[in-house]
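Trainee: Below is the structure, and that's it, no one-letter string:
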(Lines give C-alpha, C1' and ligand atoms only; values in the text may rest on other atoms or scores of the structure.)
Protein backbone atom coordinates (compact mmCIF):
# COMPACT_ATOMS: atom_id res chain seq x y z
CA UNK A 1 0.00 0.00 0.00
CA UNK A 2 2.80 2.38 0.82
CA UNK A 3 4.38 1.72 -2.58
CA UNK A 4 1.10 2.40 -4.38
CA UNK A 5 0.60 5.70 -2.55
CA UNK A 6 4.14 6.80 -3.44
CA UNK A 7 3.50 5.99 -7.11
CA UNK A 8 0.28 8.09 -7.20
CA UNK A 9 2.03 10.95 -5.46
CA UNK A 10 4.78 10.86 -8.09
CA UNK A 11 2.23 10.99 -10.93
CA UNK A 12 0.52 13.98 -9.35
CA UNK A 13 3.87 15.74 -9.04
CA UNK A 14 4.51 15.20 -12.78
CA UNK A 15 1.05 16.41 -13.80
CA UNK A 16 1.12 19.49 -11.57
CA UNK A 17 3.39 21.63 -13.82
CA UNK A 18 1.28 20.80 -16.88
CA UNK A 19 -1.93 21.70 -15.08
CA UNK A 20 -0.35 24.91 -13.84
CA UNK A 21 0.88 25.88 -17.32
CA UNK A 22 -2.56 25.17 -18.78
CA UNK A 23 -4.22 27.34 -16.17
CA UNK A 24 -1.73 30.16 -16.79
CA UNK A 25 -2.27 29.89 -20.54
CA UNK A 26 -6.02 29.87 -20.11
CA UNK A 27 -5.96 32.72 -17.62
CA UNK A 28 -3.51 34.95 -19.47
CA UNK A 29 -6.09 37.01 -21.41
CA UNK A 30 -8.06 37.59 -18.23
CA UNK A 31 -4.97 38.66 -16.30
CA UNK A 32 -4.08 41.16 -19.04
CA UNK A 33 -7.60 42.62 -19.00
CA UNK A 34 -7.47 42.78 -15.22
CA UNK A 35 -4.20 44.71 -15.34
CA UNK A 36 -5.68 47.21 -17.80
CA UNK A 37 -8.75 47.63 -15.62
CA UNK A 38 -6.63 48.19 -12.53
CA UNK A 39 -4.52 50.72 -14.41
CA UNK A 40 -7.61 52.67 -15.46
CA UNK A 41 -9.01 52.60 -11.95
CA UNK A 42 -5.67 53.89 -10.67
CA UNK A 43 -5.81 56.80 -13.14
CA UNK A 44 -9.38 57.63 -12.13
CA UNK A 45 -8.40 57.53 -8.48
CA UNK A 46 -5.44 59.80 -9.16
CA UNK A 47 -7.68 62.30 -10.95
CA UNK A 48 -10.09 62.26 -8.04
CA UNK A 49 -7.24 63.03 -5.67
CA UNK A 50 -5.96 65.82 -7.95
CA UNK A 51 -7.89 68.80 -6.64
CA UNK A 52 -6.48 71.09 -9.31
CA UNK A 53 -7.74 68.80 -12.09
CA UNK A 54 -11.17 68.75 -10.46
CA UNK A 55 -11.12 72.55 -10.33
CA UNK A 56 -10.31 72.75 -14.05
CA UNK A 57 -13.20 70.40 -14.78
CA UNK A 58 -15.54 72.82 -13.01
CA UNK A 59 -14.23 76.07 -14.56
CA UNK A 60 -13.58 74.53 -17.97
CA UNK A 61 -10.88 72.19 -19.21
CA UNK A 62 -10.11 74.41 -22.21
CA UNK A 63 -11.99 77.61 -21.61
CA UNK A 64 -11.32 81.24 -22.43
CA UNK A 65 -8.50 81.56 -19.92
CA UNK A 66 -6.66 78.53 -21.28
CA UNK A 67 -7.09 79.68 -24.88
CA UNK A 68 -5.70 83.12 -24.03
CA UNK A 69 -2.84 81.61 -22.07
CA UNK A 70 -1.87 79.22 -24.86
CA UNK A 71 -2.10 81.93 -27.53
CA UNK A 72 0.00 84.44 -25.58
CA UNK A 73 2.56 81.79 -24.62
CA UNK A 74 2.99 80.58 -28.18
CA UNK A 75 2.90 83.86 -30.11
CA UNK A 76 6.68 84.32 -29.67
CA UNK A 77 7.07 80.95 -31.40
CA UNK A 78 6.77 82.81 -34.70
CA UNK A 79 10.13 84.44 -33.96
CA UNK A 80 12.28 84.05 -37.01
CA UNK A 81 14.43 81.05 -36.13
CA UNK A 82 15.57 80.49 -39.70
CA UNK A 83 16.23 84.09 -40.65
CA UNK A 84 19.85 83.25 -41.43
CA UNK A 85 18.72 81.76 -44.73
CA UNK A 86 17.39 85.14 -45.90
CA UNK A 87 20.18 87.52 -44.89
CA UNK A 88 22.79 86.10 -47.28
CA UNK A 89 21.32 87.15 -50.61
CA UNK A 90 23.84 86.77 -53.41
CA UNK A 91 25.38 90.08 -54.43
CA UNK A 92 27.88 90.61 -57.26
CA UNK A 93 30.83 92.63 -55.93
CA UNK A 94 33.28 94.94 -57.68
CA UNK A 95 36.40 96.54 -56.28
CA UNK A 96 35.84 99.95 -54.74
CA UNK A 97 37.56 102.36 -57.13
CA UNK A 98 36.21 105.61 -55.78
CA UNK A 99 39.72 107.05 -56.09
CA UNK A 100 38.83 108.15 -59.61
CA UNK A 101 36.06 110.38 -58.28
CA UNK A 102 38.79 112.66 -56.95
CA UNK A 103 39.80 113.16 -60.59
CA UNK A 104 36.24 113.84 -61.75
CA UNK A 105 33.38 113.63 -59.19
CA UNK A 106 30.75 113.77 -61.96
CA UNK A 107 31.52 110.32 -63.37
CA UNK A 108 28.59 107.94 -63.48
CA UNK A 109 28.83 104.48 -61.94
CA UNK A 110 29.08 102.89 -65.38
CA UNK A 111 31.90 105.24 -66.43
CA UNK A 112 33.72 104.60 -63.17
CA UNK A 113 33.61 100.82 -63.66
CA UNK A 114 34.57 101.09 -67.31
CA UNK A 115 37.68 103.11 -66.53
CA UNK A 116 38.90 101.35 -63.40
CA UNK A 117 37.82 97.67 -63.58
CA UNK A 118 39.53 95.26 -66.01
CA UNK A 119 37.40 93.03 -68.19
CA UNK A 120 37.37 89.29 -68.75
CA UNK A 121 37.71 87.78 -72.26
CA UNK A 122 33.92 87.74 -72.53
CA UNK A 123 33.92 91.53 -71.87
CA UNK A 124 32.36 91.19 -68.40
CA UNK A 125 33.93 93.09 -65.51
CA UNK A 126 36.27 91.14 -63.26
CA UNK A 127 34.96 91.13 -59.73
CA UNK A 128 38.18 90.86 -57.73
CA UNK A 129 40.65 93.00 -59.72
CA UNK A 130 41.09 96.73 -60.19
CA UNK A 131 43.41 99.17 -61.96
CA UNK A 132 45.82 100.86 -59.60
CA UNK A 133 45.43 104.64 -59.12
CA UNK A 134 47.61 106.97 -61.18
CA UNK A 135 48.32 110.73 -60.77
CA UNK A 136 46.80 111.63 -64.16
CA UNK A 137 43.93 113.78 -65.23
CA UNK A 138 40.79 112.29 -66.72
CA UNK A 139 41.74 112.99 -70.35
CA UNK A 140 45.05 111.14 -69.96
CA UNK A 141 43.29 108.16 -68.30
CA UNK A 142 40.76 107.99 -71.14
CA UNK A 143 43.43 108.43 -73.84
CA UNK A 144 46.14 106.08 -72.56
CA UNK A 145 44.10 103.75 -70.36
CA UNK A 146 45.23 102.00 -67.20
CA UNK A 147 47.38 98.87 -67.21
CA UNK A 148 48.60 97.91 -63.71
CA UNK A 149 46.10 95.70 -61.87
CA UNK A 150 45.87 94.38 -58.34
CA UNK A 151 43.35 92.82 -55.99
CA UNK A 152 40.80 95.04 -54.28
CA UNK A 153 42.55 97.58 -52.05
CA UNK A 154 39.65 99.55 -50.55
CA UNK A 155 36.83 97.04 -50.17
CA UNK A 156 33.99 96.33 -52.59
CA UNK A 157 30.92 97.96 -54.02
CA UNK A 158 27.65 96.29 -55.08
CA UNK A 159 26.10 98.42 -57.80
CA UNK A 160 23.43 95.86 -58.73
CA UNK A 161 22.27 95.18 -55.16
CA UNK A 162 18.66 96.09 -54.46
CA UNK A 163 18.68 94.93 -50.84
CA UNK A 164 21.08 95.24 -47.95
CA UNK A 165 22.27 91.82 -46.80
CA UNK A 166 25.10 90.47 -44.70
CA UNK A 167 27.05 89.92 -47.92
CA UNK A 168 27.39 93.60 -48.74
CA UNK A 169 27.23 94.70 -45.10
CA UNK A 170 30.36 92.84 -44.00
CA UNK A 171 31.92 92.12 -47.43
CA UNK A 172 31.64 88.34 -47.27
CA UNK A 173 33.19 87.93 -50.71
CA UNK A 174 36.54 87.06 -52.27
CA UNK A 175 37.17 83.84 -50.33
CA UNK A 176 34.81 84.72 -47.46
CA UNK A 177 31.77 83.04 -49.04
CA UNK A 178 32.24 79.91 -46.92
CA UNK A 179 31.25 81.93 -43.84
CA UNK A 180 27.66 81.95 -45.07
CA UNK A 181 27.14 78.51 -43.51
CA UNK A 182 28.62 79.49 -40.15
CA UNK A 183 25.52 81.22 -38.68
CA UNK A 184 23.37 78.12 -39.15
CA UNK A 185 26.01 75.94 -37.48
CA UNK A 186 26.28 78.41 -34.59
CA UNK A 187 22.50 78.58 -34.24
CA UNK A 188 22.17 74.79 -34.05
CA UNK A 189 24.99 74.63 -31.52
CA UNK A 190 23.12 77.18 -29.42
CA UNK A 191 19.98 75.03 -29.56
CA UNK A 192 21.97 72.05 -28.31
CA UNK A 193 23.69 73.90 -25.47
CA UNK A 194 20.56 75.86 -24.54
CA UNK A 195 18.52 72.68 -24.18
CA UNK A 196 21.10 71.43 -21.67
CA UNK A 197 21.78 74.51 -19.55
CA UNK A 198 18.62 76.61 -19.79
CA UNK A 199 16.81 74.42 -17.28
CA UNK A 200 19.35 75.41 -14.63
CA UNK A 201 19.16 79.07 -15.61
CA UNK A 202 15.37 79.22 -15.44
CA UNK A 203 15.39 77.49 -12.03
CA UNK A 204 17.51 80.33 -10.69
CA UNK A 205 15.94 83.33 -12.43
CA UNK A 206 12.51 81.99 -13.33
CA UNK A 207 11.62 80.91 -16.86
CA UNK A 208 10.20 84.04 -18.41
CA UNK A 209 12.56 86.72 -17.06
CA UNK A 210 15.54 84.76 -18.37
CA UNK A 211 13.92 83.82 -21.66
CA UNK A 212 12.42 87.21 -22.46
CA UNK A 213 15.61 89.02 -21.57
CA UNK A 214 17.46 86.74 -23.96
CA UNK A 215 14.91 87.16 -26.75
CA UNK A 216 14.63 90.93 -26.37
CA UNK A 217 18.24 91.90 -25.67
CA UNK A 218 19.88 89.54 -28.11
CA UNK A 219 16.97 89.40 -30.57
CA UNK A 220 16.83 93.15 -31.11
CA UNK A 221 20.57 93.42 -30.55
CA UNK A 222 21.17 91.30 -33.64
CA UNK A 223 19.84 94.16 -35.74
CA UNK A 224 22.44 96.53 -34.24
CA UNK A 225 25.67 94.55 -34.58
CA UNK A 226 28.59 96.13 -36.42
CA UNK A 227 30.65 93.04 -37.21
CA UNK A 228 30.06 89.54 -38.48
CA UNK A 229 31.59 87.90 -35.40
CA UNK A 230 29.27 89.90 -33.17
CA UNK A 231 26.37 88.77 -35.33
CA UNK A 232 27.38 85.14 -34.71
CA UNK A 233 27.55 85.74 -30.96
CA UNK A 234 24.07 87.29 -30.82
CA UNK A 235 22.55 84.52 -32.92
CA UNK A 236 24.16 81.97 -30.60
CA UNK A 237 22.57 83.67 -27.58
CA UNK A 238 19.18 83.95 -29.32
CA UNK A 239 19.16 80.25 -30.19
CA UNK A 240 19.67 79.34 -26.51
CA UNK A 241 16.79 81.61 -25.50
CA UNK A 242 14.58 80.13 -28.20
CA UNK A 243 15.02 76.54 -27.06
CA UNK A 244 14.58 77.58 -23.41
CA UNK A 245 11.41 79.40 -24.33
CA UNK A 246 10.06 76.43 -26.31
CA UNK A 247 10.51 74.12 -23.32
CA UNK A 248 9.16 76.55 -20.71
CA UNK A 249 6.15 77.65 -22.76
CA UNK A 250 5.01 74.06 -23.23
CA UNK A 251 5.44 73.41 -19.50
CA UNK A 252 3.40 76.49 -18.63
CA UNK A 253 0.60 75.68 -21.06
CA UNK A 254 0.31 72.03 -20.05
CA UNK A 255 0.17 72.92 -16.35
CA UNK A 256 -3.19 74.63 -16.97
CA UNK A 257 -4.59 71.86 -19.17
CA UNK A 258 -5.72 68.28 -18.60
CA UNK A 259 -6.09 65.12 -20.65
CA UNK A 260 -6.03 65.42 -24.45
CA UNK A 261 -5.92 69.22 -24.33
CA UNK A 262 -2.25 69.02 -23.42
CA UNK A 263 -1.56 67.19 -26.67
CA UNK A 264 -3.59 69.84 -28.51
CA UNK A 265 -1.47 72.60 -26.99
CA UNK A 266 1.80 70.94 -27.98
CA UNK A 267 0.57 70.47 -31.55
CA UNK A 268 -0.59 74.10 -31.58
CA UNK A 269 2.87 75.35 -30.66
CA UNK A 270 4.36 73.51 -33.62
CA UNK A 271 1.72 75.18 -35.78
CA UNK A 272 2.95 78.57 -34.53
CA UNK A 273 6.49 77.64 -35.55
CA UNK A 274 5.22 76.65 -38.99
CA UNK A 275 3.29 79.92 -39.33
CA UNK A 276 6.42 81.83 -38.41
CA UNK A 277 8.36 80.09 -41.16
CA UNK A 278 5.70 80.98 -43.72
CA UNK A 279 5.58 84.62 -42.58
CA UNK A 280 9.36 84.79 -42.67
CA UNK A 281 9.42 84.07 -46.39
CA UNK A 282 7.01 86.88 -47.27
CA UNK A 283 8.46 89.43 -44.87
CA UNK A 284 12.06 88.75 -45.89
CA UNK A 285 11.08 89.22 -49.52
CA UNK A 286 9.38 92.57 -48.87
CA UNK A 287 11.98 94.15 -46.57
CA UNK A 288 14.95 95.91 -48.13
CA UNK A 289 17.36 95.63 -45.19
CA UNK A 290 18.40 92.59 -43.20
CA UNK A 291 18.33 94.54 -39.93
CA UNK A 292 14.61 95.23 -40.34
CA UNK A 293 13.96 91.50 -40.46
CA UNK A 294 15.22 91.03 -36.90
CA UNK A 295 13.43 94.13 -35.64
CA UNK A 296 10.11 92.89 -37.02
CA UNK A 297 10.73 89.39 -35.68
CA UNK A 298 11.34 90.64 -32.15
CA UNK A 299 7.96 92.36 -31.99
CA UNK A 300 6.21 89.02 -31.48
CA UNK A 301 7.58 88.81 -27.92
CA UNK A 302 5.77 91.96 -26.73
CA UNK A 303 2.26 90.42 -26.33
CA UNK A 304 3.69 87.97 -23.81
CA UNK A 305 5.56 90.73 -21.98
CA UNK A 306 2.38 92.80 -21.72
CA UNK A 307 0.59 89.93 -19.92
CA UNK A 308 3.45 88.13 -18.21
CA UNK A 309 1.67 88.13 -14.87
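Mentor: That came through fine. It should be emphasised that the depicted structure is a prediction, and the values quoted were computed from it without experimental measurement.
Trainee: pLDDT below threshold where in the stretch 201-309 of the chain?
Mentor: 202, 206-213, 304-309 (pLDDT under 70).
Trainee: my bad, the stretch 1-150 of the chain
Mentor: 1-61, 79-81.
Trainee: ranges for the strands of it?
Mentor: 94-95, 129-131, 149-151 (DSSP state E, counting those that start in this stretch).
Trainee: quick one, which of those is packed in tightest?
Mentor: strand 94-95 (a mean of 24; mean count of other CB atoms under 10 Å). For every residue, glycine as well, the C-beta is placed using N, CA and C.
Trainee: Quick check: which helices or strands does it pack against?
Mentor: Other helices and strands packing on strand 94-95, by 3 or more CB pairs under 8 Å, 6 or more residues apart in numbering; DSSP states H and E, are strand 156-157.
Trainee: Walk me through which strands the strand it packs on pairs with, and which way each runs.
Mentor: In the sheet containing strand 156-157, the strands it pairs with under DSSP bridges are strand 94-95 (antiparallel).
Trainee: Run the chain-centre distance for the partner strand.
Mentor: Centroid separation between strand 94-95 and its chain, computed with CA atoms, centre = their mean, to the nearest Å, is 34 Å.
Trainee: again with stretch 93-109
Mentor: The mean C-alpha position of stretch 93-109 is separated from the chain mean by 41 Å, CA atoms, centre = their mean.
Trainee: Dihedrals phi and psi, the closest residue to residue 157 other than its chain neighbours?
Mentor: Counting by CB to CB, 6 or more residues apart in numbering, residue 96 is the residue found nearest to residue 157 once chain neighbours are left out, at 5.0 Å. Backbone torsions of residue 96, given as degrees, to the nearest 10, read phi -80, psi 110.
Trainee: count of neighbours near residue 96?
Mentor: Residue 96 has 16 neighbouring residues, counting by other CB atoms under 10 Å.
Trainee: what do you get for the one 3 residues further on?
Mentor: Residue 99 has 16 neighbouring residues, counting by other CB under 10 Å.
Trainee: Pull the contacting residues for it.
Mentor: Residues near residue 99 by CB atoms under 8 Å, 6 or more residues apart in numbering: 116, 133, 154.
Trainee: hang on, isn't the residue nearest to residue 157 packed against residue 151?
Mentor: No: Residue 96 is beyond contact range of residue 151, at 11.8 Å (criterion: CB atoms under 8 Å).
Trainee: Residue 271 and residue 68, how far apart?
Mentor: Separation of residue 271 from residue 68 (CB to CB, to the nearest Å): 17 Å.
Trainee: Next: residue 214.
Mentor: Taking CB to CB, one finds residue 214 at 24 Å from residue 68.
Trainee: Between those two, which is the more surrounded one?
Mentor: Set residue 214 next to residue 68 and count neighbours by other CB under 10 Å: residue 214 wins out with 21 against 11.
Trainee: Give the helix, strand or coil label for the more buried one.
Mentor: helix (DSSP: H, G, I helix; E, B strand; the rest coil).
Trainee: What residues does it make contact with?
Mentor: So residue 214 contacts 237-238, 240-241, 244-245 (CB under 8 Å, 6+ apart).
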